[in-house]
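Asker: Need the 3D shape of this:
(chains A and B)
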Amino acid sequence: MTILGYPDAAPLAGLGGGVLIGLAAAIMLLGMGRIAGVSGIAARAVGLGGSGIARGGAWAFIIGLPLGAAIVTLISDSPVPEFAGSGTLIVAGLLVGIGTRLGSGCTSGHGVCGVSRLSPRSIVATLTFIAAGIATVAAMNALGMEVLP
Amino acid sequence: MIARTLTPLVSGTLFGAGLALGGMTDPARVRGFLDLFGDWDPTLAFVMGGAVLVMVIAWRIAPRMAEPLFERSFAIPDRRDLTPSLLGGSALFGIGWGIAGLCPGPGVAALAIYPPAAIVFVAAMLTGMVLVRLFEGRGK
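Answerer: So this is what the prediction gives:
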């Protein structure tokens, strides 16, 4: 299925992927009583987060992420996507790491778990990082900066 | 005890599968969503919509449970204050997200898809987290 005007969009795969992510977050909430926020859980795993899930559980969740991605990639036999170069990844990674700690969450914790319970902090955070992301891509395009091969 | 490890493992695995299925481990697709004024790709909106839809239901079930299935109590953030740190941090995160088309979940999940790039991103992300910790520790 395609959307008129957006031939590259994959709405059904997107929706299916989203439902899986929602189920994952629901299992975390109803099973463990915790938010499935990846930045917070990653920080917890490496000993940077104060509260939340036990460290063993944090590692189990973090190990699951590439495991699940590997399973889908093997089944779907999809091509390896293009990633930015090392310099770009370092700058982006530093900003993501600093920003998600200062902002108490990322796309999963704020964008999925927080927005779905109408948390005012999460709604403001999500609108902010989406706006910042849109502005960044627009600025880079205007400057002719290409990061993906 | 096993359930407390297995449950997050199942959750993480489903999460990673959802990210890959939804195309979120492809930086071009994520940057395509953020390219609102150019060649816009709405796929990420469907991913977020599908996930939020399921979680809306989960949030209605949670209050009816005395405790989570495998833990003694719920530990859900209850802050409601909008702080400069929340806004500034989210803006910095959004800039980093836009630059490389990766946020924490897909960055970690991509360790299984293209390790050379994912390791660099995740290492930089953890370094950023350590920097915040060092800076915050100094202020206290």
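Asker: quick one: stretch A:91-108 to chain centroid distance?
Answerer: In this view, stretch A:91-108 has its centroid 10 Å away from the chain centroid, taken as C-alpha atoms, centre = their mean, to the nearest Å.
Asker: Might you list the low-confidence residue ranges for chain A?
Answerer: A:1, A:50-51 (pLDDT under 70).
Asker: Report the central residue of chain B.
Answerer: Nearest residue to the geometric centre of chain B (C-alpha atoms, centre = their mean): B:Gly105, 4.7 Å.
Asker: Test my guess that that residue contacts B:Met24.
Answerer: Yes. Taking C-beta atoms under 8 Å as the definition, B:Gly105 is a contact partner of B:Met24 at 7.2 Å. Every C-beta, even on glycine, is put in place using the N, C-alpha and C of the backbone.
Asker: Quick one: residues contacting residue 11.
Answerer: You didn't say which chain, so I picked chain A. Contacts for A:Pro11 (C-beta atoms under 8 Å, 6 or more residues apart in numbering or on different chains) come out as A:Met1, A:Thr2, A:Ile3, B:Pro42, B:Thr43, B:Phe46.
Asker: that's the wrong chain, I meant chain B
Answerer: A:Ala24, A:Ala25, A:Ile27, A:Met28, A:Gly31, A:Met32, A:Ala36, A:Phe61, A:Gly64.
Asker: and those residues, which are buried?
Answerer: Among the contacts of B:Ser11, those buried by neighbour count (16 or more other C-beta atoms under 10 Å in any protein chain shown) are A:Ala24, A:Ala25, A:Ile27, A:Met28, A:Gly31, A:Met32, A:Ala36, A:Phe61, A:Gly64.
Asker: any idea how far the fourth one lies from A:Gly37?
Answerer: I take that to be A:Met28. 9 Å (C-beta to C-beta, to the nearest Å).
Asker: need the contact list for residue 123.
Answerer: Assuming you mean chain A. Neighbour list for A:Ile123: A:Gly114, A:Val115 [criterion: C-beta under 8 Å, 6+ apart].
Asker: my question was about chain B
Answerer: Counting by C-beta under 8 Å, 6+ apart, B:Ala123 touches A:Gly93.
Asker: tell me which residues in the strand or helix carrying it are buried?
Answerer: In this structure, B:Ala123 sits in helix B:115-139 according to DSSP states H and E. Neighbour counts over helix B:115-139 (16+ other C-beta under 10 Å) mark B:117-118, B:120-122, B:124-126, B:128-130, B:132-133 as buried.
Asker: What ranges does chain A have for its helices?
Answerer: A:11-27, A:38-45, A:55-76, A:86-102, A:120-142 (DSSP state H).
Asker: hmm, I was thinking of chain B
Answerer: Counting by DSSP H, the helices of chain B are B:2-21, B:27-34, B:43-61, B:84-100, B:104-109, B:115-139.
Asker: Pick the most buried one from these.
Answerer: helix B:104-109 (a mean of 32; mean count of other C-beta atoms under 10 Å in any protein chain shown).
Asker: who's in contact with A:Ala92?
Answerer: Residues in contact with A:Ala92, defined by C-beta under 8 Å, 6+ apart, are A:Ala84, B:Gly96, B:Trp97, B:Ile99, B:Ala100, B:Leu102, B:Phe121, B:Ala124.
Asker: Could you find the closest non-adjacent residue to it?
Answerer: In space, and not counting its chain neighbours, A:Ala92 is closest to B:Ala100: 3.5 Å by C-beta to C-beta, 6 or more residues apart in numbering or on different chains.
Asker: measure A:Leu94 to chain B for me?
Answerer: Separation of A:Leu94 from chain B (C-beta to the nearest C-beta, to the nearest Å) stands at 4 Å.
Asker: how close does that residue get to A:Val115?
Answerer: 26 Å.
Asker: buried sites along stretch A:122-139?
Answerer: A:122-130, A:132-138.
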